[in-house]
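In: Structure for the following, please:
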Amino acid sequence: MPPRKVSSREFNQDTAGAKRAAQEGPVFITDRGEPSHVLLSIEEYRRLTGGGRKNIGELLWMPGAEDIEFEIPRDWDDIRPANFD
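Out: Numbering: from 1, shown residues only. Just a heads-up that it's a prediction; the model follows:
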């Protein structure tokens, strides 16, 4: 089945119909004949985005990172006392 297209006006008038159509596949919502938004079922969205929510630790985790040698250089020559005057 080809993707369904609905105008913004049709979408506003029959949101429930667009939601039912999204269970079958993406629904393209158009403004002045040009696609502007896509309505997807939550299942399809999760499939496309790789599943459920991830926390920041999971997003930053990199396998093998513990084997990378990393040393932060300390340059004490540029340290000056704060001037609050």
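In: Name the nearest residue to Gly33, ignoring sequence neighbours.
Out: Excluding its sequence neighbours, the residue lying closest to Gly33 (C-beta to C-beta, 6 or more residues apart in numbering) is Ser7, at 8.0 Å. The C-beta positions use only the backbone N, C-alpha and C, and glycine is treated the same way.
In: which residues pair with the one you found across the strands?
Out: Residues in a beta bridge with Ser7, per DSSP bridges, are Thr30.
In: At the geometric centre of this structure, which residue sits there?
Out: Centroid-nearest residue in the chain: Thr49, 7.3 Å away (criterion: C-alpha atoms, centre = their mean).
In: quick one, helices of the chain?
Out: 8-13, 15-22, 42-49, 56-60 (DSSP state H).
In: Redo those as a markdown table? Include distance to Phe70 and mean pLDDT.
Out: Shown next, in a markdown table, are the helices of the chain (distance: least, C-beta to C-beta, whole Å; pLDDT from 0 to 100):
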| stretch | distance to Phe70 | mean pLDDT |
| --- | --- | --- |
| helix 8-13 | 51 | 96 |
| helix 15-22 | 46 | 96 |
| helix 42-49 | 31 | 88 |
| helix 56-60 | 14 | 74 |
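In: Now do the contacts for the closest residue to His37 other than its chain neighbours.
Out: Excluding its sequence neighbours, the residue lying closest to His37 (C-beta to C-beta, 6+ apart) is Ile29, at 4.3 Å. Contacts were defined as C-beta atoms under 8 Å, 6 or more residues apart in numbering; by that measure Ile29 touches 5-8, 11, 18, 35-39.
In: Adding neighbour count and distance to Phe84, write those out as JSON lines.
Out: Below are the contacts of Ile29 laid out as JSON lines (neighbours: other C-beta atoms under 10 Å; distance: C-beta to C-beta, whole Å):
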{"residue": "Lys5", "neighbour count": "14", "distance to Phe84": "63"}
{"residue": "Val6", "neighbour count": "20", "distance to Phe84": "62"}
{"residue": "Ser7", "neighbour count": "14", "distance to Phe84": "62"}
{"residue": "Ser8", "neighbour count": "13", "distance to Phe84": "57"}
{"residue": "Phe11", "neighbour count": "17", "distance to Phe84": "58"}
{"residue": "Ala18", "neighbour count": "17", "distance to Phe84": "60"}
{"residue": "Pro35", "neighbour count": "11", "distance to Phe84": "57"}
{"residue": "Ser36", "neighbour count": "11", "distance to Phe84": "53"}
{"residue": "His37", "neighbour count": "12", "distance to Phe84": "52"}
{"residue": "Val38", "neighbour count": "13", "distance to Phe84": "55"}
{"residue": "Leu39", "neighbour count": "18", "distance to Phe84": "56"}
